[in-house]
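Participant: Next input, structure requested:
(one chain, ligands or ions: 2)
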Amino acid sequence: MERQDFLVFIEQTDKFAVGIFRQFRIEERSDKVILIAPTEAYKKWAVEYIKSRVFNYGKSIEVRSAEEKERENYPSNLIERYNFDNFVVGKANELVYKVCTEVGRYPGTSFNPLFIYGNVGLGKTHLLHAIGNMAKAHGYKVIYSPISDFSDEMIAYLKNGQIEAFRGKYSSVDILLLDDVQFLSGKERTQIELFRIFENMYSKDKQIVLVSDRHPKDLKDISDRLISRFEGGLVIEIGLDDETKLSIIKQKLILYGMPLDDKVIRYIFENTGYNVREIEGAIRTLKVVGIKENQKEEKGKDIRFVVEFTAKHFKLRPEDIKKESKERRIINARQIAMYLCKVVLGVSYVEISRYFGKRDHTSAIYSVKKVEEKIKEDRKFRYMLTFLERQLRKEMET
Ligand code: ADP
Ligand code: MG
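Facilitator: Ligands and ions are numbered 1, 2, ... in the order given. Here you go, the predicted structure:
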């Protein structure tokens, strides 16, 4: 019914034009009407037609071609808010940034495949979407997919006996953006299908961008031929330096509507590691609870408790892990103690480092990062820590 509104309107004024508009798909919305032209030529005609008349339809009129519309509706999975404009650039990420803008604008021409790796929270996913958004704006067909989704999708197609359809879908894209490629590990069938898609796209100069938390050489349980493809283009690391971290903190404070106060900036800087997600979290918390101060003594007591707890678990003395040591066993316990201070107590890196006799907060950041890495890689270690954490929380309650 509604669909006729626009045609009725045209018919009243122009019997000739309505015949042409009948060949359009017409989408009536509450605030506008979208005319989807069967071809580019029709689109051009419609645009001219509307421009050359005093039009009083009461809603705005948009004209698209069917091809454009299809591309728009294509399930790219892109997040629009991740773009190049709101990505803060500094020393440790400017090269990656430049490469990404190049790939987004001229996919398949210079860096193919592009492999970006680095720790969590450094903006890898953000950049992948930024590439996709830019390319999409220039008319390229883009698919963004975390590798685990890619794998689930493949299995679903496979179960339905439609693996050809799966391959077909990926053979028509201009840019494939694959996130968290480390999760390919052990997924043999997914690797086989990805290899096919890779070869197919590569031979047609279609762009492939891969993101991972580690260098291709450090990926585990992934076929050699796939690894060698990953390494075949540009492999580049993304990092974060102090200066960039500072700029990011300022940008995020503005974004969250907070004042650019020196004390606040320093507080965030010292209480977060090299991880933008953590910075965002800290600012959000700060917005709600404000800066916690005058709790130093209290915190000192808590940290001591954690250190004693950790020491006891590893059959060491607290003073052993408070000092630096070369002994593997002690380094390990010391790092775990620092990690527990961070996640269970939520105290700042500065406070942790200070307690462990370090003037510089980076030593605590480093230790926490080491433990996080081990949690990711080593299942036994992960169980042990989950247990420790739970136990510690229980003991702290009593
Ligand atoms: P990764 O994929 O490397 O773990 P993300 O891309 O998910 O990290 O980034 C985590 C959060 O930090 C996102 O909200 C992202 O927008 C933001 N972020 C990361 N790097 C930057 C940057 N350089 N400038 C602005 N925001 C950033
Ligand atoms: Mg990510």
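
Participant: sec struct for F195, please.
Facilitator: At F195 the chain is in helix, as set by DSSP: H, G, I helix; E, B strand; the rest coil.

Participant: So it sits against R229, correct?
Facilitator: Yes: with contact defined as CB atoms under 8 Å, F195 counts as touching R229 (7.2 Å). (C-beta placed from N, C-alpha, C; glycine too.)

Participant: Provide a list of residues in contact with Q335.
Facilitator: Going by CB atoms under 8 Å, 6 or more residues apart in numbering, Q335 touches S367, V368, K370, V371.

Participant: thinking again about what came up before, please say which of F195 and R229 ends up with more neighbours.
Facilitator: R229 (20 against 14; other CB atoms under 10 Å).

Participant: how near is that one to L210?
Facilitator: The gap separating R229 from L210 is 9 Å, by CB to CB, to the nearest Å.

Participant: what sits in contact with each of these two?
Facilitator: P113.

Participant: so L176 is in which element?
Facilitator: Following DSSP states H and E, one finds L176 within strand 175-179.

Participant: Ok, S145 next?
Facilitator: strand 142-146.

Participant: What's the mean pLDDT across that strand?
Facilitator: For strand 142-146, mean pLDDT rounds to 96.

Participant: Ok, stretch 56-67 next?
Facilitator: Mean predicted lDDT for stretch 56-67 stands at 86.

Participant: quick one: contacts of that stretch?
Facilitator: With CB under 8 Å, 6+ apart, stretch 56-67 has contacts from 6, 9, 25, 29, 31-40, 42-43, 46-47, 50, 55, 72.

Participant: mind checking the end-to-end distance for it?
Facilitator: 28 Å (CA to CA, to the nearest Å).

Participant: Repeat that for stretch 202-220.
Facilitator: 23 Å.

Participant: Going by neighbour count, list what's buried in it.
Facilitator: Y202, K206, Q207, I208, V209, L210, V211, S212, D213, R214, P216, L219 (16 or more other CB atoms under 10 Å).

Participant: Am I right that the fourth one is in contact with V173?
Facilitator: Yep, that's I208 we're talking about. No: I208 is beyond contact range of V173, at 9.7 Å (criterion: CB under 8 Å).

Participant: Between the two, which contacts overlap?
Facilitator: M201.

Participant: What is the burial count for the closest residue to ligand 1 within the stretch 101-250 of the chain?
Facilitator: Residue of the stretch 101-250 of the chain nearest ligand 1, by CB to the nearest ligand atom: G123 (2.6 Å). Neighbourhood size, G123 [other CB under 10 Å]: 24.

Participant: Quick check: the nearest residue to it once chain neighbours are set aside vs ligand 2, distance?
Facilitator: Leaving aside its sequence neighbours, G123 sits nearest to V276 (CB to CB, 6 or more residues apart in numbering; 6.0 Å). Using CB to the ion, to the nearest Å, V276 is found at 11 Å from ligand 2.

Participant: Can you name the residues that contact V276?
Facilitator: G121, L122, G123, L240, I248, K252 are the contacts of V276 under CB under 8 Å, 6+ apart.

Participant: I'd like the residues you listed written out as JSON lines, with distance to S325 and secondary structure added.
Facilitator: Below are those laid out as JSON lines (distance: CB to CB, whole Å; DSSP: H, G, I helix; E, B strand; the rest coil):
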{"residue": "G121", "distance to S325": "30", "secondary structure": "coil"}
{"residue": "L122", "distance to S325": "31", "secondary structure": "coil"}
{"residue": "G123", "distance to S325": "35", "secondary structure": "coil"}
{"residue": "L240", "distance to S325": "29", "secondary structure": "coil"}
{"residue": "I248", "distance to S325": "35", "secondary structure": "helix"}
{"residue": "K252", "distance to S325": "37", "secondary structure": "helix"}
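
Participant: In those, find the pair that's most separated.
Facilitator: L122 and K252 (14.2 Å; CB to CB).

Participant: neighbour count winner among these two?
Facilitator: Taking neighbours as other CB under 10 Å, L122 and K252 compare with L122 leading, 24 against 18.

Participant: and the closest residue to the more buried one other than its chain neighbours, what pLDDT?
Facilitator: Of all residues not flanking L122 in the chain, I238 sits nearest, at 5.0 Å (CB to CB, 6+ apart). In the prediction, the pLDDT value recorded for I238 is 96.

Participant: for I291, same thing?
Facilitator: Value for I291, per-residue pLDDT: 71.

Participant: helix/strand/coil for it?
Facilitator: coil.

Participant: Would you mind measuring from it to ligand 2?
Facilitator: 29 Å.

Participant: Over to the closest residue to that residue other than its chain neighbours: give its phi and psi.
Facilitator: Closest residue in space to I291, ignoring its immediate chain neighbours: Y267 at 5.4 Å, by CB to CB, 6+ apart. Recorded main-chain torsions at Y267 are phi -60, psi -50, according to degrees, to the nearest 10.

Participant: residues near Y267, how many?
Facilitator: So Y267, with other CB under 10 Å, has 19 neighbours.

Participant: Look up how far S363 lies from it.
Facilitator: Taking CB to CB, one finds Y267 at 19 Å from S363.

Participant: Let's see which of the buried residues of stretch 202-220 end up in helices.
Facilitator: Mapping the buried residues of stretch 202-220 onto helices (DSSP state H) picks out Y202.

Participant: what's the first-to-last distance across stretch 306-319?
Facilitator: 13 Å.

Participant: Please identify the buried residues of it?
Facilitator: For stretch 306-319, by 16+ other CB under 10 Å, it's V306, V307, F309, T310, A311, H313, F314, L316, P318.
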